[in-house]
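Asker: sharing a sequence plus its predicted fold:
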Amino acid sequence: MNFIRKGPGYLFFRTEKTDNLEKALKDFLNGQALRLTDALERAEEDMTIAFVSEAKEDFDGVDVTESIIMLPTTPLVTMEELINLGIAELINKVELGAGQLVMRIPEDGQEIIKQLKENYNAHLVNIIEGIKQGKTGDTILSFTEEPIKTRVSSLQMVKTNLLIEKPVNVIHKELRRDVVRHITHGLEETQWYELKINIYDSGNMYEEQYKRLVTALADLELGFILGESWTKDHAVALLSVIAYQIRLFTILSPKKIKKILIGLEYDQDGERIVDYDLYYNSKKVQWFEVVSQGVRTNRPNMAARCRESLLSELSQEAVEKIQTIEDKIKAKKN
């Protein structure tokens, strides 16, 4: 489970030949001209967002009306390529912006943000303010509840940002060391959830059902698998059923995990192909416990909604992998 990663770098160019520089960045460095909001959502770690402005203007940071180019390389590599290609002669002045980190926090993680704000004497900013005010040697620390992977899928998922007057490499090193402590301290009752997931498959395709589940868990960065083993479930008196059990350590609530499991129990044709039972504190979490209050539904309909929601959150690679496994399961059954 990944809690901290770097964001894109920011470069601010001043030039007397804006059209020429923009064209060079796109033609020779594979840059894309984008709106700032689109660039922020699409830029991944080790990429650069460049701002191109007229040299005659005062150098006062970013303006959302400026030309914005997203580049597939880090600021250092970008400058190296500009120099080696002879494009640097188009630039009158360049400045490196603040570094950026993205940190994943649990729901209601305001205590974590408050704690880090005090620790680093930081300022609360929106992302635009952070980019505009941040200087070389500063860090923008952005918080989200979603899996961070290589990028955040939507700016709406960024809860808030801190502007810290310390270099990004220093903050990154400190948070990699202390992030679990910060997360734990900010959790309700200062605890994680230790859950047990039992896999039942009448078709005896446990390996395939396990791979489907683990693919989703890993792609969504839902937690740590603490152990796996075969177990017996005495669901009916005098009758025991064999199941494969996974112990999951996570910051997500049992209800959120249950919705994911329900979505995985059915394939794309609406056929139930496995049972994933969830236990928390030795108590089984039932499917109807996660139905929103006042909503009338049945299990298949709810599973269809849960599956749709799950697939929308997974990467394309994970979706394709799960689909391939499901095709294999269907082929074996037929």
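Answerer: Arrived safely. Numbering: from 1, shown residues only.
Asker: only C-alpha atoms for contact and neighbour calcs from this point on.
Answerer: Will do.
Asker: can I get stretch 159-170 as PDB, trimmed to CA atoms?
Answerer: Taking C-alpha atoms only, stretch 159-170 is exported to PDB below (Å, rounded to 0.1, in the frame of the first residue of the first chain):
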ATOM      1  CA  LYS A 159      -8.700  17.200  -0.500                       C
ATOM      2  CA  THR A 160      -6.300  20.000   0.200                       C
ATOM      3  CA  ASN A 161      -2.700  21.100  -0.200                       C
ATOM      4  CA  LEU A 162       0.100  22.400   2.000                       C
ATOM      5  CA  LEU A 163       2.900  24.700   0.900                       C
ATOM      6  CA  ILE A 164       6.000  23.800   2.900                       C
ATOM      7  CA  GLU A 165       9.200  25.900   2.800                       C
ATOM      8  CA  LYS A 166      11.500  22.900   2.600                       C
ATOM      9  CA  PRO A 167      12.900  21.000  -0.400                       C
ATOM     10  CA  VAL A 168      10.900  18.100  -1.800                       C
ATOM     11  CA  ASN A 169      13.700  15.600  -1.300                       C
ATOM     12  CA  VAL A 170      13.900  16.300   2.400                       C
END
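Asker: mind listing what's buried in that stretch?
Answerer: By neighbour count on 16 or more other Cα atoms under 10 Å, the buried set for stretch 159-170 is Thr160, Asn161, Leu162, Leu163, Ile164, Glu165, Lys166, Pro167, Val168, Asn169.
Asker: quick one: strands adjacent to the host helix or strand of the fourth one?
Answerer: Using DSSP states H and E, the secondary-structure element containing Leu163 is strand 158-164. As defined by DSSP bridges, the strand partners of strand 158-164 come to strand 123-125 (antiparallel), strand 139-144 (antiparallel).
Asker: just those: most buried one?
Answerer: strand 139-144 (a mean of 27; mean count of other Cα atoms under 10 Å).
Asker: what residues does that one touch?
Answerer: Identification of contacts with strand 139-144 by Cα atoms under 8 Å, 6 or more residues apart in numbering yields 98-105, 113, 127, 130-131, 134, 157-168, 171.
Asker: now stretch 221-234, how far from the centre of its chain.
Answerer: Centroid separation for stretch 221-234 versus its chain: 24 Å, with Cα atoms, centre = their mean, to the nearest Å.
Asker: pull out the buried residues from that stretch.
Answerer: Across stretch 221-234, burial judged by 16+ other Cα under 10 Å covers Glu221, Leu222, Gly223, Ile225.
Asker: wasn't the last one part of a strand?
Answerer: Meaning Ile225. Yes. Counting by DSSP: H, G, I helix; E, B strand; the rest coil, Ile225 is located in a strand.
Asker: tell me the SS of the nearest residue to it once chain neighbours are set aside?
Answerer: If the residues on either side of it in the chain are set aside, Ile225 comes closest to Leu248, at 4.7 Å by Cα to Cα, 6 or more residues apart in numbering. Secondary structure, three-state DSSP: Leu248 is strand.
Asker: kindly tell me how buried the residue nearest to Glu16 when sequence neighbours are not counted is, as a neighbour count.
Answerer: Distances taken as Cα to Cα, 6+ apart place Ala55 nearest to Glu16, at 5.3 Å, with adjacent residues excluded. For Ala55, the number of neighbouring residues by other Cα atoms under 10 Å comes to 16.
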